[in-house]
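**Q** With the input below, show me the fold.
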Amino acid sequence: MIRKTYVEIDGQILEENILNIKKKYPDYKYYIGVVKNNAYHHGIKCVHDLIRGGVNYLAVSSLEEALKIRHYEQKIPILCLEPIEIEYIYDAINENITITVDNLDYLKSLLNLKINYDLKIHLALDTGMHRLGFTTKEDLSIAYSLLKERPHFCLEGIYSHFATSGVMDSYYDLQVKKFLELTKDINLSEIPIVHMGRSLSLVQHEKLSFCNGIRLGIVMYGFNQSMAIDNSLKGKIRAFKRRQIQKKLSCSKTILTNDLHVKPAMRFYTSIISKRRVIPNDYVGYGAKYKIKEEGYIYTLAVGYADGVNKDFKTVVIEKEFCPIIADCMDMILVYSKKEYELGCKVEIFGEEKNIKEVLKTTNQNAYHLFNQISNRVIRVHKNKNDEEQITY
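**A** Alright, predicted model coming up:
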């Protein structure tokens, strides 16, 4: 490692997260691990940990992602959530990639191909997200019938995606109703995998009786999305108002607080590459915007907004001291401390001392955005027990 800026991934934590998810929610047959965008930027090598924990299907965004993962795992089924261009279908067949069919025209184009090997298909339904999927039960019924007539086209699954949490709205319930309306004329019990849920619906709603699969996303990477119980007067008033809204909208039962034990597996580190003593009234950074108030040290760190770290992170941790970020650049950030530290000193962006959830609060974003803003030029150091591997993506 030349530039000592890296993300450390604890594979043991990922494995334990899956074990705990399956222990708390044991009633699914298929636990589909969503590992799109380089496993939420944790690195593709994480698929080994997730599979050891009990994930028995993977889901990705594109064929390119599926093919990369296939080099790591030869046997596990992989679902491509985006439709694949017709000209690349044979690549999917050769690598045993399951494809998504989201409309009748696309299916008819598939059926025109000369396919002599099994092609696994999941049908996507648009129940309200309006992103992908069949929109009418007539088209879906035709698709279902056409697939039953073709021996090498294996209808393995059917699914949809929730647009809302369903906690303070009835849209979740409307989407469930729409799914059942769309599938009214087909026999769901004949389709091996039926999946609608995602991480949020897993923890906040009771299992849908007709689903035997669940797509696991952010929950695998350490976020149980449990709401803290607020027993203050304001908290009780908010809870009362929430119940009134749920009652008015006839929302189905929601579970806002859970005891699912999962932990973030990602930690982010960098190092000090320069230090300089400053005195009051010195100015620091672009635009000379920061004015030094007390004598101390400015430390330049080998990480910047090109890596996904900016002033919104507020602080970093150097030897347990939380040091304020006073300026950011593309490749470096500047922090201040009264204490003197040595060049090369390890600096924590987030991890053990500074919990990743604190970063989410200061940056006012969710974990999805935070993970995905950490650029691929940051080396991933994948750890599992005594094994360690540096990976550049």
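**Q** Going by neighbour count, which residues in stretch 358-378 are buried?
**A** Across stretch 358-378, burial judged by 16 or more other CB atoms under 10 Å covers 359-360, 363, 367, 370-371, 374, 378. (C-beta placed from N, C-alpha, C; glycine too.)
**Q** And stretch 204-212, by the same measure?
**A** Here stretch 204-212 shows 204-205, 208, 211-212 as buried, counting by 16+ other CB under 10 Å.
**Q** The residues you listed into CSV, with extra columns for secondary structure?
**A** Below are these laid out as CSV (DSSP: H, G, I helix; E, B strand; the rest coil):
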residue, secondary structure
Gln204, helix
His205, strand
Leu208, coil
Cys211, coil
Asn212, coil
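**Q** Pretty sure Lys339 sits against Glu294.
**A** No. When contacts are counted by CB atoms under 8 Å, Lys339 is not listed as touching Glu294 (12.0 Å).
**Q** tell me the phi and psi of the closest residue to Ile158 other than its chain neighbours?
**A** Spatial nearest neighbour of Ile158, chain neighbours left out: Leu123 (4.6 Å); criterion: CB to CB, 6 or more residues apart in numbering. Dihedral pair for Leu123: phi -90, psi 130, per degrees, to the nearest 10.
**Q** bridging residues for Ser337?
**A** Beta bridges link Ser337 to Tyr297 when assigned by DSSP bridges.
**Q** how close does it sit to Leu174?
**A** Distance from Ser337 to Leu174, counting by CB to CB, to the nearest Å: 54 Å.
**Q** Of these two, which one has the most company?
**A** Applying other CB atoms under 10 Å to Ser337 and Leu174 shows that Ser337 carries more neighbours, namely 18 against 15.
**Q** Contact partners for the closest residue to Thr315 other than its chain neighbours?
**A** Closest residue to Thr315 apart from its sequence neighbours, by CB to CB, 6+ apart: Phe322 at 4.5 Å. Phe322 makes contacts with 315-316, 353-354, as judged by CB atoms under 8 Å, 6 or more residues apart in numbering.
**Q** Following element in sequence after the one helix or strand Lys177 maps to, please.
**A** Secondary structure assignment for Lys177, by DSSP states H and E: helix 171-182. The element immediately downstream of helix 171-182 (helix or strand, assigned by DSSP H and E) is strand 193-195.
**Q** Centre of the chain to that following strand, how far?
**A** Centroid displacement of strand 193-195 relative to its chain, using CA atoms, centre = their mean, to the nearest Å, is 20 Å.
**Q** and it, which residues are buried?
**A** For strand 193-195, by 16+ other CB under 10 Å, it's 193-195.
**Q** now do the same end-to-end measure for stretch 344-359.
**A** Taking CA to CA, to the nearest Å, stretch 344-359 runs 24 Å from one end to the other.
**Q** The residue nearest to Thr315 pairs with what?
**A** Val317.
**Q** sec struct for Arg238, please.
**A** Applying three-state DSSP: Arg238 is helix.
**Q** Could you do Cys154 as well?
**A** Put simply, Cys154 is strand when judged by three-state DSSP.
**Q** Model confidence at it, what's the number?
**A** pLDDT for Cys154: 95.
**Q** what number of residues lie near it?
**A** Using other CB under 10 Å, Cys154 has 14 neighbouring residues.
**Q** what about the helices in the stretch 101-250 of the chain?
**A** With helices called from DSSP state H, counting those that start in this stretch, the stretch 101-250 of the chain shows them at 104-111, 137-149, 171-182, 199-204, 233-249.
**Q** Of those, which shows the lowest average pLDDT?
**A** In terms of average pLDDT, helix 233-249 trails the rest of those, at a mean of 77.
**Q** List the buried residues in that helix.
**A** Result for helix 233-249 [16+ other CB under 10 Å]: buried residues Gln246.
**Q** what residues does that helix touch?
**A** Here helix 233-249 makes contact (CB under 8 Å, 6+ apart) with 167-170, 229-230, 251, 254.
**Q** quick check: angle from that helix to helix 171-182?
**A** With axes from the mean of the first three to the mean of the last three CA atoms, to 10 degrees applied, the angle from helix 233-249 to helix 171-182 works out at 30 degrees.
**Q** Please work out how many residues are found near the residue lying closest to Asp139 once chain neighbours are set aside.
**A** Nearest residue to Asp139 in three dimensions, chain neighbours excluded: Leu104, at 4.5 Å (CB to CB, 6+ apart). Other residues lying near Leu104 total 16 when counted by other CB under 10 Å.
**Q** coming back round to it: ok, of the buried residues of stretch 358-378, which one's closest to Glu82?
**A** The shortest approach to Glu82 among these belongs to Phe371, at 19.7 Å (CB to CB).
**Q** ok, then the element right after the host helix or strand of that closest one?
**A** Phe371 belongs to helix 367-373 when assigned by DSSP H and E. Next helix or strand after helix 367-373 toward the C-terminus (DSSP H and E): strand 379-384.
**Q** picking up where we left off before, the helices of the stretch 101-250 of the chain into CSV, with extra columns for distance to Met332?
**A** Converted to CSV, those look like this (distance: least, CB to CB, whole Å):
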stretch, distance to Met332
helix 104-111, 48
helix 137-149, 54
helix 171-182, 45
helix 199-204, 35
helix 233-249, 42
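**Q** Okay, now the unreliable bits of this structure?
**A** 1 (pLDDT under 70).
**Q** re the thing from before, wait, isn't the residue nearest to Asp139 in contact with Gly133?
**A** No. If you go by CB under 8 Å, Leu104 and Gly133 don't touch, sitting 11.4 Å apart.
**Q** and the nearest residue to Val203 once chain neighbours are set aside, helix, strand or coil?
**A** Nearest residue to Val203, sequence neighbours excluded (CB to CB, 6+ apart): Asn258, at 5.1 Å. Using three-state DSSP, the structure places Asn258 in coil.
**Q** thinking Asn258 is in contact with Ala228, fair?
**A** No. The pair Asn258 / Ala228 is not scored as a contact, 11.4 Å apart, by CB under 8 Å.
**Q** Compare neighbour counts for these two and give me the winner.
**A** Asn258 (15 against 8).
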